[in-house]
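Enquirer: okay, here's the prediction I keep looking at, along with the sequence it came from:
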Amino acid sequence: MSEEEKKIVGHAYDGIEELDNSLPRWWLLTFYGTIIFSAFYFFYYSMSDGPTLTQEFQKNIATLEVTQAKSSGEGEVDETALLAAVKSPDKQKHGKEVYQTRCASCHGADGQGGIGPNLTDNYWIHGGKPAEILATITNGVGDKGMPPWGPMLSQDDLQSLVAFIKSIHGTTPPGAKAPQGDLMKE
């Protein structure tokens, strides 16, 4: 018997007989390697702490914004500029306009709270210092449903929002939401 006759499986189609050739070792290693890789990939992204598509997208947008800010000359806001903005009546007025269009639907027209927390009391969930407020507005709070406003607003708008929020701090609007977060003393 020849070598070829030993490999014939017995299947014939249109006069063509099928041979039982084994697959090349490199092909089998590649195939089994992809199966093993897919198991780790599935576990990491589905059952472990692998980032979701939304998290990856937000990370890429944030990176793009930082790159654009650096190329356009906008940089990080330093603490003194932010404190000066908080005391500026013009910034507070502009911040009120931005607040009414972007924030009032969740935080109430006077900052009394609604879907979002009360912004007028002494309790803060993510910090009540101007820099902490700016970071919360810029980066958002995904777990609570607050969008990151940094990519959508200019640095001037963000600083103005912080100025307005600090200006309404301590007021007592009607229908204010119960305190949330940690007590912070000025």
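Expert: Received, thanks. Numbers count the residues shown, from 1 in each chain.
Enquirer: ranges for the helices of this protein?
Expert: Counting by DSSP state H, one finds helices in the chain at the ranges 3-6, 25-42, 53-71, 79-87, 89-102, 104-107, 130-139, 155-168.
Enquirer: can you pull out the low-pLDDT segments for the chain?
Expert: 1-9, 67-78, 186 (pLDDT under 70).
Enquirer: repeat that with 80
Expert: 1-12, 17-21, 65-79, 185-186 (pLDDT under 80).
Enquirer: domain ranges for the protein?
Expert: Using automatic domain parsing, the domain ranges for the chain come out as 3-47, 53-183.
Enquirer: on that earlier part again, right, so the helices of the chain: which one is the most enclosed?
Expert: helix 155-168 (a mean of 22; mean count of other CB atoms under 10 Å). Bear in mind the C-beta positions are built from the backbone N, C-alpha and C, glycine included.
Enquirer: tell me the contacts of the residue nearest to the spatial centre of the chain?
Expert: Centroid check for the chain by CA atoms, centre = their mean gives residue 58 as the closest residue, at 4.2 Å. Neighbouring residues of residue 58 by CB atoms under 8 Å, 6 or more residues apart in numbering: 142, 148.
Enquirer: now do it against residue 139, distance only.
Expert: 9 Å (CB to CB, to the nearest Å).
Enquirer: residue 171 too?
Expert: 26 Å.
Enquirer: give me the common contacts of residue 58 and residue 139.
Expert: residue 148.
Enquirer: need the contact list for residue 87.
Expert: residue 163.
Enquirer: can you tell me the closest non-neighbouring residue to residue 61?
Expert: residue 151 (5.4 Å; CB to CB, 6 or more residues apart in numbering).
Enquirer: give me the number of residues near the one you found?
Expert: Neighbour count for residue 151, taken as other CB atoms under 10 Å: 15.
Enquirer: phi first, then psi, for it.
Expert: Torsion angles at residue 151 (phi, psi; degrees, to the nearest 10) stand at phi -70, psi -20.
Enquirer: tell me who's in contact with it.
Expert: 61-62, 64-65.
Enquirer: next, format these as TSV and append distance to residue 82.
Expert: Shown next, in TSV, are the contacts of residue 151 (distance: CB to CB, whole Å):
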residue	distance to residue 82
61	23
62	20
64	23
65	18
